[in-house]
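A.B. asks: structure for the following, please:
(chains A, B and C)
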Amino acid sequence: MQTDAVQTTGEKTARGEILLHVLVGALVTAAVLAICLFAPTEKTMGDAQRIVYIHVSVAWLGLLGFIVMAVCGVLYLLRRNLAWDQWSQAAAELGWLCCGLTLVTGSLWARAAWDTWWTWDPRLTTSFILWMLYCGYLLMRAGIDDAHQRARVGAVLAIVGMLDVPLVAVAARWFRGMHPAAPTMDPTMRAVLLSSVVGFTALFAVLLVRRRAQLRLEHMLDALQRRIDLNQLEL
Amino acid sequence: MAAKLWWMIHKDLISECRARLVWPAMLLLGVVVAVVFSVQMDLLPEEKPRMIGGLLWLAIFFAGMMAIDRSFAAEREQGCWEALRLYPVPPTAVYLAKLAVNVIALAALQCVLIPLFVALSDVPLLAYPWAMLLVAFLGNLGIASVGTLLSALTGGIRQNGNLLVLLVLPMVIPVVLAAAEATRLIALGDFGPAWWRWTELLGAFAVVFITAGTILFDFAIEE
Amino acid sequence: MTEPTVAIRARGLSRLFGNRLVLHRVDLDVAEGQSVALTGANGAGKTTLLRCLASVLRPNTGEVRWFGQLATADPSTRRSIAMVSHESFLYPHLTLRENLIFAGRMCDVGEPTRRADELLARIDLSGHAHRLPPQISRGMRQRVAVARALVHQPRILLLDEPFSGLDARGTDWLLGLLQGLHARGRTLCFATHDQEKVRRLADRVLELRSGRVEEVAVDESSVSEEAPALRAA
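C.D. replies: Numbering: from 1, shown residues only, chains lettered A, B, ... in the order given. Reported below is the predicted structural model:
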C-alpha cells in the first residue's frame, strides 16, 4: 500500500517533468522558428542580422547566471547548506557557456556588420570580462576537493565578482561606445526578440535544475560512501 | 583596534626591511616591464601621451601583484598565520593592516616607476604632482583592496596554481582603465569633467571594495 | 557544593575533510583547572579537535564555548585561550624579544615590553633576547613559543604534541612548567602520544578513535602503535 502511494507520487512527478520539458521544448522551437521564419529581414544586414536574437538572449543569460551564482553564494555563507553551493555551481557552468556564446555570436555579428572579428565596444568588453570572471571562478573551484571549502571560496569570489560587474560596465561604457544602442526595432522584430529571450530563459532554467540535481546526487553518493567507510572502520 | 592595526603594519614593514625578499623583486619586475614597454612606445613617438597611461598602470599592476601575492604567503609559510587568528584581534583589523602594507608597497613601486616612465618617454606626468598623487593613491587602494582579499582567500589552498593574478586582473580592469585614462588626461593637462569622472570612479571602486573586503575577510580566512 | 565552572564545552562537533569524517558529533566538557590529555593514533583527529576547540578551525556542525561564551562570538573572548602548536608562531625576522612584545600588543597586555623581558627571564633566555628564531635551537624555540602563548596569562592552554622534538632537559622543563600552571588552576588540554607524560600531567584522558571521543582511565590509555620510538625511551 505504501509502495503504491510512493509509486503514484513518483509517476506524477515523472509525468509533470515530462510535461515541463515538452513545454520548454515547445517554447524553444517556437523561438527558433520565429527567428528563422517570422522575423522580417533587416534592411542593411540581411539575414545575418538574425543572430542578434540569440546574441541578446545569451547575453542576458550570461548575466543572469552570475547573479544566481552570487545570490546563492551569499545564501551559502549565511546558511552553510551545500544545496546553495550546488545551485551556484550549476549557474556558473551554464552562465559560463552562455557568456561564451555571447562572445561568439557577438563576434559573428561584428564580422557581418563591421567586417571585423572583434570590437572593444562596451558591451562586448563587459561580456569578455564577465567570461574571464567565470573562468577564474570555475578554475579555482576545480582545484579544491573539500566541498565546504570550495563552496566558501566560490561564494566570496562570486560576491566580489558581482560587485565588480557594474563598475566594469560603467568603465567600459565611458571608455568608448560602438554598440548599436537599443535600435528602434520593428514591432515584429521586438516580438521575435521577446519570444527568443523567453524561450532561451526557459531552457536555461530547466538545464539549471537538471544540473543541480546531478550535483546533488553526486553529493549524496559521497555521503553514502563516507557512511560505508565509517561503518567498515568500526567492524 | 587602531593600536593593533599600527603594530601589525609595523611588524610587516620591519620584517620586509630585514628580509628584503619581496620589495626588491617587485621593483625589479616593475623596472623591467617599464623598460620593455618604453621600447614599444618608442616605435610610435606621437602616440606616447595616449599610450603611457595604460602601460604605466599595467606595469604597476603586474609588479604590484607580486607583493600582494606574498602578503599572506610569507606568514603562512613561516607558520605564523594561525597565531594571528588566535589573538583577540578582529579579522577586519588584520585585513586593513595587510591592505595598508600593500598600499605602501605599491606606493614605493610607483615612486620608482612614475619617474622612470617620465624619463623614458618624456611625457610630463609629473607636471601636476597633486593630481598624479591622487590618481596613484586611489588606484593603489583599488588594486590592493581586491588583491589583499583574494590573496587571503586563495593563500591557504595548496592547489591554487598561482591563480591569484588570473583572478584579480579581470576584477581590477575598471581601476586600470580609469587610472590609465586619468593619467593620460594628466599628461595632456586636461582636467575637465572627463578627468573628474575617472577619478570619481577610482574613488567609488576603492570604497566599494574596501567595504566588501572588511565584510568578507572573515569568510575568506576561515578554515 | 557549587558546580565547578566549565572551561571548555563542545557539543556536536563534526568535521569533514574532503571525503573523510574526522570528527563525528564530539561532545566534550573540561572543567576549570583540569588537565585533559587527548590520545589516539596518528591521523585520528587530535590536531583537528584541538584546532576546533581553539576556534581556528570551524566545525561543520556543533559549537564550542569557553567559560560559557561562544568561541565564535567576539574576538575579545580569545583572551581566555592560547595554543601551542606544531608551528612555532614566531616571526623569523623579528628578534625573540620583538616577537614576545608583538604577541603582548596583540593580546592587550599592559606594558608589553616589561612582560616580554619578564617572560624571557622566566624561560632563561634573556641573554638571547636579541637573536632571531632561526638562530636558536629547536628546544629554545619551543620555550619561546610557550612563553608567547602565556604572554596574556590565558585561563585555557591548548597544546598540540608539545613534547615532540624536545630533548630530555627540554621535556623536563616543559613538564615542570605545565605542572606548575596546572597547580595554579589553569585549564590544560594537550594532545600527545607519550604515555608517561599522560600519567604525570593528566587528570583525565580522552581517546580519539574513528572520529569519536572516549573517556579512558589515566593508567590504561592505549599507546599508539605508530610511535614505538617514544615508548622505548
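A.B. asks: residues from chain C in reach of chain B?
C.D. replies: Taking C-beta under 8 Å from any C-beta of the partner chain as the contact definition, chain C meets chain B at C:51, C:54, C:56-58, C:75-79, C:81-83, C:85-94, C:98, C:102-103, C:105-108, C:148. Yep, even glycine has a C-beta here, placed from its N, CA and C like the rest.
A.B. asks: out of those residues, which are inside helices?
C.D. replies: C:Arg51, C:Glu98, C:Phe102, C:Ala103, C:Arg105, C:Met106, C:Arg148 (DSSP state H).
A.B. asks: so where's chain B shaky on pLDDT?
C.D. replies: By pLDDT under 70, the low-scoring segments of chain B are B:159-161.
A.B. asks: elements contacting the longest helix belonging to chain A?
C.D. replies: The helix spanning the most residues in chain A, taking DSSP H as the definition, is helix A:187-234. Packing partners of helix A:187-234 (3 or more C-beta pairs under 8 Å, 6 or more residues apart in numbering or on different chains; DSSP states H and E): helix A:2-33, helix A:51-79, helix A:82-114, strand C:20-31.
A.B. asks: can you say which of these is nearest to B:Leu58?
C.D. replies: helix A:82-114 (22.5 Å; C-beta to C-beta).
A.B. asks: you'd agree C:Arg186 is up against C:Ile156?
C.D. replies: Yes. Assessed by C-beta atoms under 8 Å, C:Arg186 is found in contact with C:Ile156 at 7.4 Å.
A.B. asks: give me the contacts around stretch B:205-223.
C.D. replies: For stretch B:205-223, the external contacting residues (C-beta atoms under 8 Å, 6 or more residues apart in numbering or on different chains) are A:77, A:149, A:152, A:155-156, A:159-160, A:163, A:167, B:85, B:91-92, B:94-96, B:99, B:138, B:141-142, B:145-146, B:148-150, B:152-153, B:156, B:174-175, B:178, C:51, C:56-58.
A.B. asks: so which of the residues you listed sit within helices?
C.D. replies: Those of those lying in helices (DSSP H): A:77, A:149, A:152, A:155-156, A:159-160, A:163, A:167, B:85, B:91-92, B:94-96, B:99, B:138, B:141-142, B:145-146, B:148-150, B:152-153, B:174-175, B:178, C:51.
A.B. asks: from these, which would you call buried?
C.D. replies: Among the ones in helices among the contacts of stretch B:205-223, those classed as buried by 16 or more other C-beta atoms under 10 Å in any protein chain shown are A:77, A:149, A:152, A:155-156, A:159-160, A:163, A:167, B:85, B:91-92, B:94-96, B:99, B:138, B:141-142, B:145-146, B:148-150, B:152-153, B:174-175, B:178, C:51.
A.B. asks: over to C:Gly12. Which of the three states is it?
C.D. replies: strand (DSSP: H, G, I helix; E, B strand; the rest coil).
A.B. asks: sorry, back to before: dump the helices and strands packed on helix A:187-234 to CSV, plus mean pLDDT.
C.D. replies: Shown next, in CSV, are the helices and strands packed on helix A:187-234 (pLDDT from 0 to 100):
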stretch, mean pLDDT
helix A:2-33, 77
helix A:51-79, 93
helix A:82-114, 93
strand C:20-31, 89
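A.B. asks: the ones you listed: which one's closest to B:Leu166?
C.D. replies: Using C-beta to C-beta, the helices and strands packed on helix A:187-234 put helix A:82-114 closest to B:Leu166, at 14.6 Å.
A.B. asks: what's downstream of the closest one, the next helix or strand?
C.D. replies: Next along the chain after helix A:82-114, taking DSSP states H and E as the criterion, comes helix A:122-142.
A.B. asks: who are the packing partners of that following helix?
C.D. replies: For helix A:122-142, the packing partners by 3+ C-beta pairs under 8 Å, 6+ apart are helix A:51-79, helix A:82-114, helix A:147-175, helix B:164-171.
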